[in-house]
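[1] Okay, here's the prediction I keep looking at, along with the sequence it came from:
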Amino acid sequence: MKRFAVIGLGNFGFHTAKALYVDGNEVVAIDVDRLRVQAIDRYATEAMVLDATDKEALKSLGLENMDGVIVSTGTKISTSVLICLYLQEIGVKKILAKALDEDHEKILKRVGATDIIHPERDMALRVSRGLSRPNVLDFIPLADEFDLIQVGPPREFIGKNLKELNLRAKYNVHIIAIRELVPENFILVPPASFVIKDSDILIMLGKSDDVRKIKALE
């Protein structure tokens, strides 16, 4: 189980917090609006009314120990910029921030955001690509209980070939592709003789519970 904080519980922040919580993670949900906090309460480990632009209040939450903090405040750019700055100063290693435009993105990166989210743009891209290129892997319509993920190889996989690992029998997951980083190469349906390296990225398909077992080995 991972731990996340979501700051700002508008439409995007609410659904992000809910999805993380439903997926079995610990979620701390934060907003200055009491009604928004009350709305997310059943989908959060802890929901609190707090002004995230108050640095001392943020420091008291122990956010530096989180696996990630998502900043999803409103249209006032200065608010998200200040929060990201404080999170960086506190020592949060992974800060995901929602940007309104490219200039906002540049500022967020300069003050510590490690990942930038453009909800409308990214969704528009996914929808348009899904319509024009329906066979692209990213757009396979999976049932809720299945996951298609990219994951680094667990230590015990390194140096072994796919036949030795026998992941289909042991974990009920399928490695459908491998992305080699050194040198860069993409192998679709790798052969059983393929030996996994620590620099490889495994693309696997399986039931959510089975995929989690693999991720737990990392």
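    The structure has been received and is ready for your questions.
[2] show me what contacts residue 213?
    Residue 213 makes contact with residue 171, according to Cβ atoms under 8 Å, 6 or more residues apart in numbering. Every residue, glycine included, has its C-beta placed from N, CA and C.
[3] Distance-wise, check residue 80 relative to residue 28.
    18 Å (Cβ to Cβ, to the nearest Å).
[4] Show me which of those two is the more surrounded one.
    Between residue 80 and residue 28, counted using other Cβ atoms under 10 Å, the more crowded position is residue 80 (27 against 21).
[5] May I ask which helix or strand of this structure has the lowest mean pLDDT?
    Using mean pLDDT, DSSP states H and E, helix 119-132 stands out as the lowest-scoring helix or strand of the chain, at a mean of 74.
[6] Is it correct that residue 148 is in contact with residue 205?
    Yes. Taking contacts as Cβ atoms under 8 Å, residue 148 lies within contact range of residue 205: 5.1 Å.
[7] Among the two, which residue is more densely surrounded?
    Between residue 148 and residue 205, counted using other Cβ under 10 Å, the more crowded position is residue 205 (18 against 15).
[8] That one looks like it's in a helix, true?
    No. Under DSSP: H, G, I helix; E, B strand; the rest coil, residue 205 sits outside any helix and is assigned strand.
[9] so how far is residue 164 from the residue of the chain most remote from its centre?
    What lies farthest from the middle of the chain is residue 193; by Cα atoms, centre = their mean that is 31.5 Å. Residue 193 sits 10 Å away from residue 164, going by Cβ to Cβ.
[10] just residue 53 next, same as before
    Separation of residue 53 from residue 164 (Cβ to Cβ) stands at 53 Å.
[11] Please apply the same query to residue 50.
    Per Cβ to Cβ, residue 50 is found 51 Å from residue 164.
[12] Between the two, which is the more surrounded one?
    Neighbours per residue (other Cβ under 10 Å) separate residue 50 from residue 164, with residue 50 holding more: 17 against 13.
[13] Can you classify residue 179 as helix, strand or coil?
    strand.
[14] looking at it, it is touching residue 150, isn't it?
    Yes. Using Cβ under 8 Å, residue 179 is in contact with residue 150, at 7.3 Å.
[15] Can you pick out the residue with more neighbours from the two?
    For residue 179 versus residue 150, the count of surrounding residues by other Cβ under 10 Å is larger for residue 179: 14 against 11.
[16] what about the nearest residue in space to the more buried one that is not next to it in sequence, helix or strand, and which?
    Excluding the flanking residues, the one nearest residue 179 by Cβ to Cβ, 6 or more residues apart in numbering is residue 201, at 4.1 Å. Assessed by DSSP states H and E, residue 201 sits inside strand 200-207.
[17] ok, which stretches of the protein are strands?
    3-7, 26-31, 46-49, 68-71, 95-98, 115-117, 146-151, 173-181, 184-188, 200-207 (DSSP state E).
[18] Please convert those strands to TSV, extending it with mean pLDDT and distance to residue 215.
    What follows is the strands of the chain, written out as TSV (pLDDT from 0 to 100; distance: least, Cβ to Cβ, whole Å):
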stretch	mean pLDDT	distance to residue 215
strand 3-7	97	15
strand 26-31	97	16
strand 46-49	97	24
strand 68-71	96	15
strand 95-98	95	19
strand 115-117	92	19
strand 146-151	81	6
strand 173-181	91	10
strand 184-188	90	21
strand 200-207	89	10
